[in-house]
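# mind folding the following:
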Amino acid sequence: MRIPLSALIGLTLTGMFLFVALFAPWLAPYAVGDSSGAQWEGMTSAHWLGTDTIGRDILSRLLFGAQITIFVALASSILSFSLGAFLGFTAAVQGGWIDQALSRLVDLVMAVPSLIIALVVLTIMNPSLIVLILIMGLLDSTRVFRLSRAVAADIAVMDYVEAARLRGEKGTWVIFREILPNALSPLVAEFGLRFIFAVLFISTLSFLGLGIQPPLTDWGGMLQENKIGITQGKSAALLPAFAIMSLAISVNLVADWILTRTSSLKGGRGG
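The predicted model follows:
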C-alpha cells in the first residue's frame, strides 16, 4: 500500500501530537505551573522556547496543553459520535414519530449557536473536565445526528437492508450489521472535522475564561494568558496558535486520505 505524501505528513504530525499528549509529564522540563524564569525571557538553554508573562516555561506548558487539549477534544468527539450516530441511525431505521421527535429536538438545539449555549451552561456550572466534555459532546452530537440520519436514510432503502428486515432482524442488528459498515466512510471523514472543531471550541472557551481552569492549561488558555505579548513582539501567544493550526492540518490530511481510501476500496468491491 502506497501512502501519499500528504497523508504521510499528516500521519507523522498526528502521531507526534499523540506521543506528546501521552508522555507530556515525562517530556516537560518543568511542572505546568512552575515559574522558573523571568517574564518574557527569550530562547535559552534553560528555556528552549522562552518564558511567558509570569516566567513559566513555554515548552512545558505547550506539552501539558497538548495533553489537555487533545484529551478533551478526543473524548468529546467520541461522545458526540457515539450518541449522534446511534440516534441518527435509529431515526432513519425506525422512522415515524421517533424520527420526527429526534429531528425536531435536534433542530431546536441547533437553532441556538453552540457557543452561546456552552457559555450560559458554564457560567452556571463549574467548568470541570467532565462538564466540558459532556457539554461539547452533547452539542456536537446534533451535527453528527444530521449527517448520520442522512447517510442512513439512503442506505436503509437498499435491497440488503430490506432483506434483513424481511428475515426478521431487529433494528439494532440492522444498524450495527448493515448500516454502520456502509456508513463508515463519510463518518470517518466527519470525525476528523468534528475533532478539529472540538479543539477550536475548547480553545475558544478557554480564551474566554470558561474552559480549562488553572492549574491545568490548554492551548486556548495559553493564548489568553499571553495575548498582550503579541503587541510587544513576544512569541508566547503565537506558539500555541501555531500548535492548533498544525494539529488541524495534520488531522484533516489523515481524514481526507482515509476517506479517499475507503471510498476507492468500496468502489473496487462493488465492481
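
# OK, contacts around the closest residue in space to A31 that isn't next to it in sequence?
The shortest distance from A31 to any residue that is not its chain neighbour, by C-beta to C-beta, 6 or more residues apart in numbering, is 7.1 Å, and that residue is S60. Where you see a C-beta, it was placed from the backbone N, CA and C, and this is true even at glycine. For S60, the residues meeting the contact criterion (C-beta atoms under 8 Å, 6 or more residues apart in numbering) are 28-32, 34.

# from these, which is closest to P214?
Closest approach to P214 among the contacts of S60 (C-beta to C-beta): V32, at 9.1 Å.

# list the contacts of the nearest residue to that closest one once chain neighbours are set aside.
Distance criterion C-beta to C-beta, 6+ apart; nearest residue to V32, sequence neighbours excluded, is F64 at 4.4 Å. For F64, the set of contacting residues under the criterion of C-beta under 8 Å, 6+ apart consists of 24-25, 28, 32, 216-217.

# let's see that with 7 Å instead.
With contact taken as C-beta atoms under 7 Å, 6 or more residues apart in numbering, F64 is in contact with 24, 28, 32, 217.

# tell me the spacing between it and I117.
According to C-beta to C-beta, to the nearest Å, F64 and I117 sit 28 Å apart.

# again, but for L13
Summarising the geometry, the distance separating L13 from I117, computed by C-beta to C-beta, is 32 Å.

# ok, the two, which is more surrounded?
For L13 against I117, the residue with the higher neighbour count under other C-beta atoms under 10 Å is L13, and the figures read 17 against 14.

# would you confirm that that one contacts A248?
No: look at L13 against A248 with C-beta atoms under 7 Å: they stay out of range, at 10.4 Å.

# give me the contact list for stretch 36-47.
Contact with stretch 36-47 is made by 30, 49-51, 53-57, 229, 234, as judged by C-beta under 7 Å, 6+ apart.

# now list the buried members of those residues.
Judged by neighbour count, with 16 or more other C-beta atoms under 10 Å as the criterion, the buried members of the contacts of stretch 36-47 are 30, 49-51, 53, 56-57, 229, 234.
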